[in-house]
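**Student:** One predicted model, sequence on top.
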Amino acid sequence: MSNAKLHTLVSWIGGNDLKAIVTDAKDKGLGPIASTLKAEKFDAVELLYNYPKEQVTPYLAWLKQEIDIPIRAYPIELSSPVNFGEIYLQANQHLSRITLEDKELSVLLSPGTPAMQAVWILLGKTRYPCTFYQSSLEQGVQQVVIPFELSAEYMPAAKSLGNSRINQLLEANVPINAAFDNIITRNPRMKLLKAQAQKLAEFDVPVLIYGETGTGKELFARAIHNASHRANKPFVPVNCGAIPVELVDSVLFGHKKGAFTGALADKSGLFEQAHGGTLFLDEFGELQPSVQVRLLRVLQEGTFIPVGGTSEQKVDVRIITATHRNLIEAVANGIFREDLFYRVAVGVLHLPPLREREGDLSLLTDSLISSLTMSDSILKHKKIYPDAKNIILQHPWRGNVRELQSTLLRAALWCQGETITAEDIRQALFEMPEKNKDLMDVNISQGIDIQNIISDLVARYIRKALEHSGQNKTRAAQLLGLNNYQTLNNWIEKYGIKS
């Protein structure tokens, strides 16, 4: 009887693998897993996945028809496919079991998120010696040589911290006692906004805060509340976009026992809970018109009737609203009530995105790193190299301060040693694909290919014109402002446009 170890391939199931069974995806190939199993000899394959089971089951059935070796697949629950701590714990658990079974181990790096790939390399270079493979349509299946070694003693901070602690650090909610000193800036525009907000705190008027996600709207709202005469009363925040439409009335105004199925007792609403204090309505622009009408009455008269109630209740609440939407445009389009807009837009603050806060990126980076080091003893010696800061200064930060904070936490958890390097930041960053509408606003800081941008723009509108004209080139040329269909043909040939 042979004592040879069973050669087992381990991999996450990725999106390109699932696409392999789509009937119109023949040009996309078999996917990395099937391609690797056909190109190399393995005795078994073990797969991890965090996709819904109904998506994975058909793929596994298809793979078993294509590949004649034992296939085991394990559903993995992740709060996010980029949560390093959770990915590390799950991957480590499975590789530990496989090596205990005395199997020869290979890992396919291609499927999964960059975080999953990074964890495979970390584990494969420290705890579980293995062979690495990668698979792509362009280069086929290849064995990968990782040209560096990691210390076997090195353990990421994520392992030591534990999952719940990592999540607490990641959430990093706005402190209850937030004051204007918590708004870190040296930018003149932001300093003016702080001064305006401090002045608004003195007056009991509604405030509307505009700003992209992650710009600090709740931080400003809490600071205004804490600097006002209502500071010793409740501050009640609510995300309007997260409330189901059918429950908005109950959530805001409360309900009486028996008002609807499931109303087993009287329940106070957010207005009542915020009595004497401040009600912060985040994502205010998401409220439906039917709700806007009822909200207007409360703001005008200071009274409301709970769902299922018969008598009015008086309430004394300061309203601070926040939105990322252009409410003036929504009013003009008839989506948002004009009278409600002017009721809440007495004091207006428009928070700039981080990319427009000149001088603040480096300052915020230092502040956030300092906050991380004070939050947990495992991270207390972390510091950041100047070359890492240069990478930070070049990034567009579409998720603003929230994205910066998450990126620094990822880098701090996974950097080797005490210093966060440029490479640590690169690995922690997410490069979001440019949206179609952003062709005229591509980030130029790292260089661009202007010819490719022109080609993309031309191809997009030629295809649109052809589609609109039913593939009539004469009509398409007219739509594009070209002299004739022959000119259109020249453009199609020049830019290699395929219908």
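**Tutor:** Perfect, thanks for sending it. Residues are numbered from 1 along each chain as shown.
**Student:** neighbours of Pro58, just the number please.
**Tutor:** Counted with other Cβ atoms under 10 Å, the neighbours of Pro58 add up to 11. From N, CA and C alone the C-beta is placed, and that goes for glycine too.
**Student:** Check which residues of the helix or strand in which it is found are buried.
**Tutor:** Following DSSP states H and E, one finds Pro58 within helix 53-66. Residues 56, 59-60, 62-63 are the ones in helix 53-66 that count as buried (16 or more other Cβ atoms under 10 Å).
**Student:** which intervals of the stretch 151-300 of the chain have sub-threshold pLDDT?
**Tutor:** 151-176 (pLDDT under 70).
**Student:** can you list the buried residues of helix 53-66 in a markdown table and add pLDDT?
**Tutor:** A markdown table is the format used below for these (pLDDT from 0 to 100):
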| residue | pLDDT |
| --- | --- |
| Val56 | 90 |
| Tyr59 | 91 |
| Leu60 | 92 |
| Trp62 | 91 |
| Leu63 | 91 |
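**Student:** rewinding a little: who does the helix holding Pro58 touch, helix- and strand-wise?
**Tutor:** Identification of packing neighbours for helix 53-66 by 3 or more Cβ pairs under 8 Å, 6 or more residues apart in numbering; DSSP states H and E yields helix 15-19, helix 32-39, strand 71-75.
**Student:** mind checking which of these is nearest Gln288?
**Tutor:** helix 15-19 (34.0 Å; Cβ to Cβ).
**Student:** Give me the angle between the helix holding Pro58 and strand 71-75.
**Tutor:** Our comparison of helix 53-66 with strand 71-75, counting by axes from the mean of the first three to the mean of the last three Cα atoms, to 10 degrees, yields an angle of 170 degrees.
**Student:** Quick one: residues contacting Gly309.
**Tutor:** Residues in contact with Gly309 (Cβ atoms under 8 Å, 6 or more residues apart in numbering) are 255-256, 259.
**Student:** Just the buried residues of the top helix by length along the chain, please?
**Tutor:** Longest helix of the chain, by residue count under DSSP state H: helix 450-468. Counting neighbours by 16+ other Cβ under 10 Å, one finds that the buried residues in helix 450-468 are 458-459, 462, 465-466.
**Student:** same deal with stretch 385-403?
**Tutor:** For stretch 385-403, a neighbour-count test (16+ other Cβ under 10 Å) marks 385, 388-389, 391-392, 395-403 as buried.
**Student:** next one: stretch 310-317
**Tutor:** 313, 315, 317.
**Student:** And those residues, which is closest to Thr99?
**Tutor:** Comparing those against Thr99 with Cβ to Cβ picks out Val317 as the nearest, at 60.3 Å.
**Student:** so that closest one touches Leu279, yeah?
**Tutor:** Yes. Here Val317 reaches Leu279: they are 5.0 Å apart, a contact under Cβ atoms under 8 Å.
**Student:** what's the helix or strand for the residue nearest to Ala91 when sequence neighbours are not counted?
**Tutor:** Of all residues not flanking Ala91 in the chain, Val119 sits nearest, at 5.1 Å (Cβ to Cβ, 6 or more residues apart in numbering). For Val119, the element it lies in under DSSP H and E is helix 114-126.
**Student:** The following helix or strand past that helix relative to helix 114-126, how many degrees between them?
**Tutor:** Heading C-terminal from helix 114-126, the first helix or strand you meet, by DSSP H and E, is strand 131-136. With the same axes, to 10 degrees as the basis, strand 131-136 and helix 114-126 are set at 150 degrees to each other.
**Student:** Neighbouring strands of strand 131-136 in the sheet, and parallel or not?
**Tutor:** In the sheet, strand 131-136 lines up against strand 104-108 (parallel), strand 140-144 (antiparallel) (DSSP bridges).
**Student:** Tell me which of those strands is the most buried.
**Tutor:** Neighbour counts (mean count of other Cβ atoms under 10 Å) averaged over each of the strands paired with strand 131-136 peak at strand 104-108, with a mean of 22.
**Student:** could you dump it to CSV, C-alpha only?
**Tutor:** Taking C-alpha atoms only, strand 104-108 is exported to CSV below (Å, rounded to 0.1, in the frame of the first residue of the first chain):
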residue,chain,number,x,y,z
GLU,A,104,0.1,17.5,0.4
LEU,A,105,-1.2,21.0,0.1
SER,A,106,-1.5,23.4,-2.9
VAL,A,107,-3.4,26.7,-2.8
LEU,A,108,-5.0,28.5,-5.8
